[in-house]
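Engineer: Predicted coordinates and the sequence they were generated for:
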Amino acid sequence: MELHELRIFATVAELASFSRAAEQLGLAKGRVSIAVQQLETQVGTRLLQRTTRRVRLTPDGERFLDRCKELLTEAEQLEAMFRPTSSGLTGRLRIDLPTRMARELVLPRLPEFLAAHPRLEIGISTTDRHVDLVHEGFDCVLRVGALVASELVARPLGFLPMRNVASPAYLRAHGTPRTLADLAGHRVIHYTPSLNTQGAGWEYVDAEGQHRTLPMRALVTVNGTDAYQAAALAGLGLIQAPALGIATLLANGELVEVLPGWRAPALPVSLMLPNRRQLAPRVQAVMAWLTQVISPVLSPTA
């Protein structure tokens with residue numbers, strides 16, 4: 001079993017395509033296919049399920065890929081032991097980021113990181129859904145919000161402070177709420193990944209520090225942060241959003257803060273990574289860099 005075969009297999013699994021893997025690796029598609037077939041013969045099981053439309057891992061392939069990545073990481077660490085640090089990182093990694101954090105924090109600073117590591121390739125996914133880190137082949141993901149129990153490793157970074165806001169047009173039409181009781185005459189824009197209309201409400205922390213939700217009416221439900229903000233700007237209701245994404249809009253008056261004493265709890269921010277013994281140097285480096293870039297907008301406590 002050769003390391004180059006493991007790299008080919010891992011690339012095909014990551015991209016779910018023999019053609020795309022061949023293009024990325026600079027190899028003929030036939031060479032990639034043969035390498036995977038030889039690997040399957042050596043391990044005695046089918047690792048990839050091939051159809052005319054897609055390539056996906058078999059259950060054995062999923063187990064094999066996890067161990068394969070560990071071996072490739074260990075090999076990379078050995079190769080880097082005596083490499084001059086001035087040469088920078090090499091290879092490719094995939095990360096997933098919340099849309100607004102990617103746009104406002106990470107991407108503007110990315111040129112300086114890549115300038116220090118010109119041989120590094122980074123694939124960046126920006127989505128408001130929770131990707132499957134292992135099955136979709138991500139090296140690490142940045143998540144905002146409460147975490148569910150999983151086999152992933154979580155590295156807490158801090159908390160995103162929240163703000164309650166509405167457009168001036170909405171407030172002119174419906175008045176400015178001053179107390180929680182005033183919310184009876186208002187409506188919120190409901191944000192939920194599933195577009196489920198149930199559960200709309202106003203989140204706040206009471207005098208005892210308990211998280212509460214006051215049920216409210218929502219005429220509009222959205223499943224993306226950009227749509228959430230756009231709906232507020234259009235005057236469709238009140239929203240509770242991270243301060244990061246709306247600071248400029250507050251400063252220029254496009255949105256107005258309301259009920260500052262009744263904000264939603266700050267959102268935890270975490271870096272998530274697979275539960276492996278070793279991390280490739282490039283993954284360690286990009287995680288340290290992401291932490292440095294994001295930390296200034298985070299609060300150490302909720």
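Structural biologist: Perfect, I can see it now. Please read all numbers here as calculations on a predicted model, not as lab measurements.

Engineer: okay, now the domains of this structure?
Structural biologist: Domain assignment for the chain by automatic domain parsing gives 1-82, 84-158+267-302, 162-265.

Engineer: Next, format the ones you listed as JSON lines and append mean neighbour count.
Structural biologist: Heads up, the C-betas are built off the backbone N, CA and C, glycines and all. Below are those laid out as JSON lines (neighbours: other C-beta atoms under 10 Å):
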{"stretch": "domain 1-82", "mean neighbour count": "16"}
{"stretch": "domain 84-158+267-302", "mean neighbour count": "16"}
{"stretch": "domain 162-265", "mean neighbour count": "16"}
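
Engineer: Include mean pLDDT when you put the ones you listed into a markdown table, please.
Structural biologist: Output for the domains of the chain, formatted as a markdown table (pLDDT from 0 to 100):
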| stretch | mean pLDDT |
| --- | --- |
| domain 1-82 | 82 |
| domain 84-158+267-302 | 84 |
| domain 162-265 | 93 |
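
Engineer: which outside residues touch the longest helix along the chain?
Structural biologist: If you go by DSSP state H, the chain has its longest helix at helix 59-80. For helix 59-80, contacts defined as C-beta atoms under 8 Å, 6 or more residues apart in numbering pick out 3, 6-7, 9-10, 13, 43, 45-49, 57, 91, 134-135, 274, 276-283.

Engineer: For it, C-alpha coordinates in CSV please.
Structural biologist: What follows is helix 59-80, C-alpha atoms only, in CSV (Å, rounded to 0.1, in the frame of the first residue of the first chain):
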residue,chain,number,x,y,z
PRO,A,59,-19.5,2.0,5.0
ASP,A,60,-16.1,0.3,4.8
GLY,A,61,-14.9,3.3,2.8
GLU,A,62,-15.9,5.7,5.5
ARG,A,63,-14.0,3.8,8.1
PHE,A,64,-11.0,3.4,5.8
LEU,A,65,-11.0,7.2,4.9
ASP,A,66,-10.8,8.2,8.6
ARG,A,67,-7.7,6.0,9.2
CYS,A,68,-6.3,7.0,5.8
LYS,A,69,-6.4,10.7,6.7
GLU,A,70,-4.6,9.9,10.0
LEU,A,71,-1.8,8.1,8.1
LEU,A,72,-1.5,10.9,5.6
THR,A,73,-1.3,13.5,8.4
GLU,A,74,1.4,11.5,10.1
ALA,A,75,3.3,11.2,6.9
GLU,A,76,3.0,15.0,6.3
GLN,A,77,4.3,15.7,9.8
LEU,A,78,7.3,13.5,9.1
GLU,A,79,8.0,15.2,5.8
ALA,A,80,7.8,18.6,7.4
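
Engineer: Adjacent strands (with direction) for the helix or strand that that helix is followed by?
Structural biologist: Next along the chain after helix 59-80, taking DSSP states H and E as the criterion, comes strand 90-97. Strand pairing for strand 90-97, using DSSP bridges, gives strand 119-126 (parallel), strand 140-144 (parallel).

Engineer: Switch those over to TSV; also include distance to Leu171.
Structural biologist: Output for these, formatted as TSV (distance: least, C-beta to C-beta, whole Å):
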stretch	distance to Leu171
strand 119-126	31
strand 140-144	27
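
Engineer: closest one to Leu238 among the ones you listed?
Structural biologist: Proximity of these to Leu238 was assessed by C-beta to C-beta; the nearest stretch is strand 140-144, lying at 20.2 Å.

Engineer: Can I get that closest one in CSV? Just the C-alpha atoms.
Structural biologist: The C-alpha trace of strand 140-144 is given here as CSV (Å, rounded to 0.1, in the frame of the first residue of the first chain):
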residue,chain,number,x,y,z
CYS,A,140,-12.5,22.0,10.2
VAL,A,141,-15.6,24.0,10.5
LEU,A,142,-16.5,27.2,12.4
ARG,A,143,-19.9,26.9,14.1
VAL,A,144,-22.1,29.6,15.7
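
Engineer: can you pull out the strands in the stretch 101-250 of the chain?
Structural biologist: Remark: strands assigned in the stretch 101-250 of the chain by DSSP state E, counting those that start in this stretch are 119-126, 140-144, 153-160, 162-166, 187-191, 201-205, 211-215, 217-222, 239-242.

Engineer: Using TSV, lay out those strands together with distance to Leu255.
Structural biologist: Below are the strands of the stretch 101-250 of the chain laid out as TSV (distance: least, C-beta to C-beta, whole Å):
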stretch	distance to Leu255
strand 119-126	22
strand 140-144	20
strand 153-160	17
strand 162-166	4
strand 187-191	12
strand 201-205	17
strand 211-215	21
strand 217-222	16
strand 239-242	9
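
Engineer: Please name the residues that touch Leu157.
Structural biologist: So, once contact is read as C-beta under 8 Å, 6+ apart, Leu157 ends up touching 269-271, 291, 294-295, 298.

Engineer: That'll do, ta.
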